[in-house]
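# Everything below, folded, please.
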Amino acid sequence: MNTSRTNSIKSGRPLPAIQKKWALGLVLAGLLTYQPCVSCYAQESSSQSTNQEPVTATLDQGVADDDHYQHFLLLFNERKENHQKINQLYASMPIGVVQAQAEQRKKINAYLIRNLEIENEMVQTAVSALKTPRPPQPALVNLLMLRIERRLDGKNSRIYFDPPQALKLLEAFDESNPDLPDLTSYLYYANLLSNRFSKAREILENATAKGFTVPATTAPELEAYEKKWKQELEYRSVELADNDLPRVLFETDAGNIVVELFENQAPNTVNNFVALVEDGFYDGLTFHQVDSTLSCQSGCPQGDGTGGAGYQIPCEGQAPNSRRHFTGSLSMAHDGPDTGSSRFLIARQPLPHLDGKNTVFGQVTEGMPVVYSLRRAQPGNTRAHPRPPNRILKATVIRKRDHPYVPRKITDNKPEPDK
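Numbering: from 1, shown residues only. Okay, here's the model as predicted:
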């Protein structure tokens with residue numbers, strides 16, 4: 001591979017949609033010239049119903065003995081046939097016959113589920129190919145890079161934003177091809193978005209040493225993250241030793257999430273949250289607002305982000321010891337200072353722009369894959385039914401300290417009326 005061109009790594013600011021078009025182009029161009037045995041290309045699908053990950057590949061002479069690639073082609077062809085069957089079923093959908101339509105959609109869903117299984121198996125096949133002495137075929141590399149891209153940009157409705165999953169694929173590349181410079185930008189971002197700031201620092205320093213051009217803002221931004229993270233680790237060290245913070249279990253229709261509550265730094269917000277959970281307030285509520293890369297929100301009884309518990313509580317995010325927003329942080333959502341009530345958000349990446357504004361009062365300790373998978377409501381189209389938002393089935397306090405959890409409300413601070 002030609003490594004003589006100017007290397008570069010982008011600024012370390014986590015973005016709602018990672019700006020990586022140039023990076024992906026360089027990666028694919030470099031890798032596809034690195035192994036020119038196979039002609040392949042990939043493009044975004046325009047199908048709203050299947051939203052597939054198309055890869056066109058042909059088997060050239062001399063690679064017929066590549067078991068991984070042969071298996072990949074078998075899977076690819078099966079998926080292609082399934083998509084054709086799905087399109088045929090949609091085209092022949094009965095009109096006005098509800099029972100027949102239901103049977104047809106059942107068949108479609110079976111093919112869609114199978115194709116998800118196939119795509120995951122294709123990814124595992126590509127990863128296995130990286131671990132062999134034989135250089136991987138470009139079609140396999142192409143597939144992995146598309147999967148990494150989609151895990152980092154949050155634009156695909158099925159292959160959702162999940163930096164830790166992207167990181168696993170990137171590390172497989174890094175182990176088998178440590179000298180591929182174009183992977184550096186992706187590795188840096190995936191580590192940064194996964195709260196792995198020390199590793200991001202290592203990648204940045206190595207990139208600088210190898211002659212990468214680094215924007216002037218990257219190092220200061222990373223330094224700011226590291227400073228906040230150092231304080232966060234000090235808090236967590238104390239909490240781990242004491243092991244007595246309250247915990248809440250969210251049973252959702254996507255899986256379970258456990259959060260630990262920062263009662264030491266946000267006592268009133270935690271009092272409010274625990275009291276609402278014990279009252280059953282959150283049971284049945286939807287995740288009414290979900291940004292694929294930033295956060296997911298719940299806690300609105302109206303289901304549109306305008307409702308609350310009927311009262312407001314003071315903010316605690318401006319205190320000197322307030323916690324900061326990292327991936328997995330639990331934070332109060334509000335409409336301005338001292339307007340918090342019941343709505344909360346879970347961060348899917350560090351959110352420094354909310355530090356000092358929103359009160360961070362907990363962190364996810366189990367279930368981050370579930371957090372990444374949560375979806376808001378999606379309207380239907382000509383080929384699919386509307387999809388409802390994910391919801392909290394039940395919220396339960398599974399541990400708390402031995403004292404009453406009674407929040408101080410804004411109304412409690414108002415002066416008594418004149419008699």
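# what comes up buried for stretch 194-213?
For stretch 194-213, burial by neighbour count (16 or more other CB atoms under 10 Å) applies to 194-197, 199-201, 203-204, 207, 212. Just so you know, the C-beta spots here come from the backbone N, C-alpha and C atoms, and that holds for glycine as well.
# Then I392 would be within a strand, right?
Yes - per DSSP: H, G, I helix; E, B strand; the rest coil, I392 lies within a strand segment.
# Okay, and the beta partners of it?
T252 (DSSP bridges).
# looking at it, it is touching T252, isn't it?
Yes - counting by CB atoms under 8 Å, I392 touches T252, with 5.5 Å between them.
# ok so, going back, and which of the buried residues of stretch 194-213 is nearest K80?
The closest of the buried residues of stretch 194-213 to K80 turns out to be S194 (CB to CB; 33.8 Å).
# What confidence value was assigned to the closest one?
The model reports S194 with a pLDDT of 95.
# Please name every helix or strand in contact with whichever strand or helix holds L330.
Following DSSP states H and E, one finds L330 within strand 329-332. Counting contacts by 3 or more CB pairs under 8 Å, 6 or more residues apart in numbering; DSSP states H and E, strand 329-332 is packed against strand 344-347, strand 360-366.
# of all these, which lies closest to C300?
strand 344-347 (9.8 Å).
# Note down every partner strand of that closest one and its orientation.
According to DSSP bridges, strand 344-347 forms sheet pairs with strand 295-298 (antiparallel), strand 329-332 (antiparallel).
# Would you check how far apart K400 and A275 are?
11 Å (CB to CB, to the nearest Å).
# brain fart, A129
In this view, A129 and A275 are 54 Å apart by CB to CB.
# ok, the two, which is more surrounded?
Between A129 and A275, counting by other CB atoms under 10 Å, A129 is the more crowded of the two (24 against 16).
# Tell me the helices and strands packed up against the strand or helix carrying that one.
A129 belongs to helix 98-130 when assigned by DSSP H and E. The contact analysis (3+ CB pairs under 8 Å, 6+ apart) places helix 98-130 against helix 67-91, helix 138-153, helix 163-176.
# Please dump the helices and strands packed on strand 329-332 into JSON lines; it should also carry distance to E234, mean pLDDT and mean neighbour count for every row.
Converted to JSON lines, these look like this (distance: least, CB to CB, whole Å; pLDDT from 0 to 100; neighbours: other CB atoms under 10 Å):
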{"stretch": "strand 344-347", "distance to E234": "20", "mean pLDDT": "97", "mean neighbour count": "25"}
{"stretch": "strand 360-366", "distance to E234": "14", "mean pLDDT": "98", "mean neighbour count": "22"}
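# just so I know, which of these lies nearest E316?
Distance to E316, taken as CB to CB, is lowest for strand 360-366 among the helices and strands packed on strand 329-332, at 7.5 Å.
# Can you name the next helix or strand after the closest one?
Next in sequence after strand 360-366, counting helices and strands by DSSP H and E, comes helix 368-373.
# what's the spacing between the spatially closest residue to P314 that is not a sequence neighbour and A190?
Among residues not flanking P314 along the chain, D338 sits closest, at 5.1 Å (CB to CB, 6 or more residues apart in numbering). If you measure D338 against A190 using CB to CB, the figure is 37 Å.
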